[in-house]
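> Below are the sequence and a predicted model; questions follow.
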Amino acid sequence: MDSIVLKFQTAQNVVDINVDDVDRVMWIDLIIEYEELFRRNGYRMPEYPSFHYCYNKKHVKITSDSDLMSMLERLGGSKKVMTVYVGSIDKPLDCVVAARNLTKSLSNTINMFYGASPTKTNNHSLVTGSGNMIDDVGYKLEQMNDMLIDQTYERILEEESENQTKTKQKKGNGSGGKPKPRVKIPVRRKLPTHDPSTLAATTTFSNAPVLENPNLPLTSSNNTALIVHRIPKTTAARRGLINTVHENEEARVIADDEWNRSFEFPHNNMYGHGETSMQQVNVEGGNDDLERETDRGIVSDVEDEEFGEIKDNYDPYADDIWENELLDDDTYVSKMYKNGDFVVNAEFGSIILKPWMIFTDKSHFLSVLRDYCIQSGFALVVDRSSPTRFTANCLEMNCNWRIHASVLPDGTTWAIKSIKDSEHTCRGLNERNPLVNVKWAASKLIDDIRANNDIPGKTLNELLWERYRVEMATSTLYKMRSIALREINGGHDESYGKLPRYCEMVKQTNPGSAAFCAWTPQNDPQCPLTFSSIFISFKGAIDGLGTGCRSLVGVDGAHLKGNYGGVLLSAVAIDANNELYPFAWAIVPGEDGESWKFFMWHLKNILKEYNRGNDWCIISDRQKGIDVALTEIWPEVGRRYCCKHLAKNWKAAFPGPLMHSLFWLACSATSTFTFKKAMDRMQKINPLALVWLSKLGDQESWTRHKFDPKICTDENKTNFVESFNATLGVDRNRPVLTLLEGTIYFSSIRRMTMVRMSSRRKKCQVWNDADPCPTIVKRIRTLMHDSRTCKAFQSKEGEYEIREGRSMLQVSLNNKSCICGAWQITGIPCRHALRAIIAAGHDPHHYVSTWYSVATYKQCYSHAINSIPDAEHWPEIDQPTIHAPTMKRGIGRPSRQRKRADDEPRKEKRSTTVKCSLCKQYGHNSRTCKGGLTAKEKATQSDFTQQHRNQKKQKINVAATFSQPSAATAASSQAHVSTVASSQAATISSSQPPAAAAASSQSSQSNRLKKGKEKV
C-alpha cells in the first residue's frame, strides 16, 4: 500500500496525479485522469499522445499495465515522485483509444456498466480533487457487480465439484487424464486483453519428421527418427509451425449475457498475466534464461488449486525465540514450513527432487534443477516461466516427466508443487547436454582454472567427464575458461575504469603517497577519457628509501601481456643487506621518451624531498628514451649504464673471447692502474675499440674506478631490477588493477611490497644493531678466505704494505683505503685490507660502512604500507570512469616467453636425438613420419655404411702394418691366413644355402683375419 506521485509532463505543462495504492492502479485510469486534468486546467493536449519514462538513459514506452508495473518496480524504492513524459505520434495507441471510449461510455449512460466498471477502491486510489466519475455512480456499479457475481457463484461451484469428481474417477481408472482446471471467481474489474498476438491452443510441437507408423519398434535403423523433442510455442510460431491470430481489441463495455457466457469455458485460449507460453531454455545462459518474464499478475493453475496454499500455523511470538539469541535458523524454518523439506546444500550426484522441496528463491531452485537434469542425463523444455511459477517438461516427446514449482506466500521462497512421472521413460542424452553451458561449467571448474590459468581444453573436458559424465566442445571450453578467468581476475576494461578511484584510495589510506593517473580530456575528438598512464609510490616505501637505502636507483621496463599491452616501469633500490627494495612503479603505453619523462618527473619529485640533493644515481640500460628524459627532466643526477647490455653490443662489434675479457676487465677495474693496463692491450689489438668506448660518454657511467664513493656500491648491472620484474611472472597477463592491487586469490605489487617490508621488519628484530647485515657478513667471510694469498707488513700504526703475488699494495686502516680502490667504492674492506686488519688484531666488522649495519636496515623497514580494501568497499569518489587504451595487436600470437639473448642458454629439449617409433629411423618422430626412408635414401645410407666399414678395416690394416716385425713375415702370415679363410669358406658354402653361406663365410673370414693379425 505505497503511495507515489506521477508527474505527466509535456513540453510546456505538467500535472500531478497522486496514487495511493500502486498495487491496484491501472494504466487506463491514469490516462483518463491525465486527460481530465489537462482539459480542466486548459492545457494544450496532444491529439495522439504517447507516454515514456527514462530508465538507464533510455526512453521506455508505457502502453499497458505491465509496462506501468515495470516502471514502478524499476523506479520504485525510496523514490516517491516519478515523471511520465508525454509526446505526440501520428496514430493513437490502443490504450488511449480504450480510455477515451470508456470515458465516452461513462459519460453517456449508467446501465451499461456491468462487470467492467471500475471499483470504488480503484476510483478512490487516485486522489485528484474531483473528476467525471462520481462516487454515487461507482457505488451503484459496485452493487450491480455484487448481484451479478452472486447469481453465478452457485453455478460455478457446481461445475467445480463435477470436475473434481471426474478427475478422481480418471485417476482411479489409471487413464492419466488431465483434470479440468477450476474456475476462479471473476474479479470486479476484468478488462479484455489487448495483446495484439494470441497463440493458438496447440499444446505440443515436434521438430522431428512425421511418422506414418507410430507403433514402429525401436531399432538401430529408426532410432533417430523416433527421438522426438518438444519445442516451445514461441519457437514454433517463429518457424511457421503454427498460425498466430492477430487481434486488435479495444476496451469496451459488455452486456449481461456476454458477461455470463464468458464463464462457460474460461480456460480456453487464455493465458493469465505473468506467464509466458512454452519458452525454450537458452543453453548459453545461466539461470536467468529460465526466468524470462513478460507480464505481471496471477493466473489460475491446476497444481496450485489442487494442493492449495501452505497452512502456516506457526506463531513466531508464541515462545521466547526472539529472546533466545542462540536459536538455530533451521529450527525456525522447519517450524514455519511444516509441509516441506528445506533444501540447503544439494551435492552433485545425490540430488533427489520430490514435491514440497523448499528453496530459498527461484535462482536456487533453478540451480538445483539444472544440476539434477545434468546428473540424470536429460534436458528440459520450459512451458511457462514467470516471477511466481515455473513449469517444464522433458525434452523428448515420448517422456511424460513434468515439474511444476511456484513461489510461496512470503513472495521469495519457492517450492516444488508437483512432479509428474518421476521415472523417466526416455533413453536420456549422450555426453552433450544442452543444459551444460559455459556459466555452469565455469562455476564447477573455477577452482581448477584458478590453480592453473593455462589449463588446456582437453584437460577441462576430462575433468567434466570424470566428475559429471558430460562433455563440451573444445572451443566452448576455451570460452568458458576466459569467463572463469574474468571472474577470478576481473575484466581488463573495468580495471582501467577504476584506476582514478584507486589513486584516490591510495592517498586516503596512505597519506603522503604519490598516486597519479593521467587520461585524455573529455573533449578529445578521437578518444575522450582514455587511459594514458599511472604512477604509484607509497609513503612507507619512500620513507624507507630515504632512511635506509643507498643513493643508487635502478629503473627498467617490463612489457605487459594483457589485452591492451603496455609497459610496467619500476624503480628499485638496494637496502643494507643488498636486497631488493622496490618503491615506485608506473604503467605507461610504451617504452618511449614521453613515457620515461612522465616516470622521471614523478621520480624526481619524490626523491628531492630528502637532503641528498642530486647525489642520487640512476642505473639502466642505454635505452634512448631514458637518456632523453634525464637530459630534459633531471640533468644533474648521476648516471650509470648496465655493463651486461653494453657487452651485447660490444660482442657484435668486437667478437672473440680476448676482446670480451678485456671489456669486462676495463669495466670492473677498481683502480686506475688496472684500467690503464686493459686499455693498452685493447689499443694494441684493435684501436677501434677505444673509439667505441669513447662514444659511451664519461667513464663514470661504465667503469668502476670512476664511480662515486658516496654511493657506496660497485653495482654496474641492472640484474636486481630485472629480478623484480621476474617476480611478477604470470601476473603481467592479468588486468592492470589486479596487477597493481591484486585480488583475494592473487598477490599484487603493493601486496608483495607490503608483505616484504613487514616480514623483514619482523626478521631483523633479533639482530644486533652494531653488526653488519647477514649478507655482508657472508661476503666478508669469503674475502677473508681469499686473503690467504696475501701477506701483511706493517709500516706504522694503521699503515700496512700487502704483498700479493708480484704486487705490493698499500693499505691504510686509518683512512679506510686500499690502493686497489675496492674498499673506497664499496665500503666493505677488500681482501688486502682484511689481511691488514687480521694482522692488526682488529674486528673486520668495525671497518664496514654504516650503510650495511643492522641499525640502518631496521630504519629502512621501520615504516609500513597500509592495506587497501577491495573495490566493493570503496566509498563514493568523484572521479570519472575512464576507458581502456586503444588495443594494439602485433602479428601472430603474443609471446609469453622472454626473448633470450644470443649468449644466453636456450631451453634444452628432452632429447637431442629423435627416433621414430614407426620406421625406427632417426631425425623425425612418428607424427612427421612419411613411411620411412625412400629407396634412394636407403641406397645412400647403405653406401655410407659400407664406406664406413671399409675405412674401419683400413685403419685396422694400417695399425697392423706398423706393428709387423718384417715384410717377409707379414707376407707369409697373410698368405697363411688367406689359405685358411678360402678353405673354410668352401666348406661352409657346400653345407648351407647361398645367403647363409655367404654370411657365415664373411664372419668366419673376419674372425680368422683378426686372429692372424694377433699372431703376427
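Right, received. Where do you want to start?
> contacts, neighbours, all on C-alpha from now
Fine.
> is Glu16 in a bridge, and if so with what?
For the record, residue 16 is Asp, not Glu. Taking DSSP bridges as the rule, Asp16 bridges to Lys7.
> How many residues are close by it?
17 (other Cα atoms under 10 Å).
> ok, now Cys860?
As a measure of burial, Cys860 has 26 neighbours, counting by other Cα under 10 Å.
> Return the per-residue confidence for Arg550.
In this model, Arg550 is scored at 94, pLDDT.
> Apart from its neighbours in sequence, what residue is nearest it?
Ile711 (6.0 Å; Cα to Cα, 6 or more residues apart in numbering).
> what about that neighbour, which SS state?
Reduced to three states with DSSP: H, G, I helix; E, B strand; the rest coil, the structure at Ile711 is coil.
> That one: what's it in contact with?
Ile711 makes contact with Arg550, Ser551, Leu552, Asp615, Trp616, Cys617, Ile825, according to Cα atoms under 8 Å, 6 or more residues apart in numbering.
> again, 10 Å this time
By Cα atoms under 10 Å, 6 or more residues apart in numbering, Ile711 lies in contact with Cys549, Arg550, Ser551, Leu552, Asp615, Trp616, Cys617, Ile825, Thr826, Gly827, Trp851.
> Please tell me how far it sits from Ile780.
Distance of Ile711 to Ile780, computed by Cα to Cα, to the nearest Å: 19 Å.
> Could you list the low-pLDDT ranges of the stretch 1-150 of the chain?
1-2, 77-79, 107-150 (pLDDT under 70).
> What segments of it are strands?
Ranges of strands in the stretch 1-150 of the chain, per DSSP state E, counting those that start in this stretch, are 4-9, 14-19, 49-55, 58-61, 81-88, 126-127.
> any idea which helix or strand comes after the host helix or strand of Gly544?
Assigned by DSSP states H and E, Gly544 belongs to helix 539-548. Where DSSP H and E defines the elements, the next helix or strand beyond helix 539-548 is strand 552-559.
> now the next helix or strand after that following strand and helix 539-548, what's the angle there?
Counting by DSSP H and E, the element after strand 552-559 in chain order, helix or strand, is strand 567-574. Here strand 567-574 runs at an angle of 40 degrees relative to helix 539-548 (axes from the mean of the first three to the mean of the last three Cα atoms, to 10 degrees).
> What helices and strands are in contact with strand 567-574?
Using 3 or more Cα pairs under 10 Å, 6 or more residues apart in numbering; DSSP states H and E, the elements in contact with strand 567-574 are strand 531-537, helix 539-548, strand 552-559, strand 580-588, helix 593-607, strand 617-620, helix 719-728.
> So for that strand, mean pLDDT?
95.
> Just checking: what are the partner strands of it?
Assessed with DSSP bridges, strand 567-574 is paired to strand 552-559 (antiparallel), strand 580-588 (antiparallel).
> quick one on the thing from earlier: distance of the residue nearest to Arg550 relative to Met82?
From Ile711 over to Met82 the distance is 69 Å, taken as Cα to Cα.
> Give me the phi and psi for the closest residue to Val438 other than its chain neighbours.
Leaving aside its sequence neighbours, Val438 sits nearest to Met480 (Cα to Cα, 6+ apart; 4.9 Å). Here is the backbone geometry of Met480 (degrees, to the nearest 10): phi -60, psi -40.
> what do you get for Cys394?
Dihedral angles (degrees, to the nearest 10) for Cys394: phi -70, psi 150.
> List the contacts of it.
229-230, 373, 378-382, 400-403, 424-426, 428.
> Now flag whichever of those residues is closest to Asp341.
Asp341 has its nearest neighbour among the contacts of Cys394 in Ile403, at 16.7 Å by Cα to Cα.
> how many neighbours does that closest one have?
Count around Ile403 with other Cα under 10 Å applied: 24.
> Can you tell me which helices and strands the helix or strand containing it packs against?
Here Ile403 is covered by strand 402-407, with elements defined by DSSP H and E. Other helices and strands packing on strand 402-407, by 3+ Cα pairs under 10 Å, 6+ apart, are helix 302-307, strand 357-359, helix 362-376, strand 380-385, strand 389-394, strand 414-420.
> tell me the mean pLDDT for the shortest one?
Think strand 357-359. On average, strand 357-359 scores 89.
> Check stretch 736-744 too.
When pLDDT is averaged over stretch 736-744, the result is 84.
> Surely Val473 and Leu464 touch.
No Val there; residue 473 is Ala. No - between Ala473 and Leu464 there is no contact under Cα atoms under 10 Å: 11.5 Å.
> Residues that sit against both of these two, list them.
By Cα under 10 Å, 6+ apart, Ala473 and Leu464 have these common neighbours: Lys458.
> Those two: which is more packed in?
Applying other Cα under 10 Å to Ala473 and Leu464 shows that Leu464 carries more neighbours, namely 17 against 12.
> Mind telling me what element that one is part of?
helix 457-468.
> What lies in contact with that helix?
So helix 457-468 is contacted by 348-349, 371, 374-375, 377, 431, 441, 444-445, 448-449, 469-481 (Cα under 10 Å, 6+ apart).
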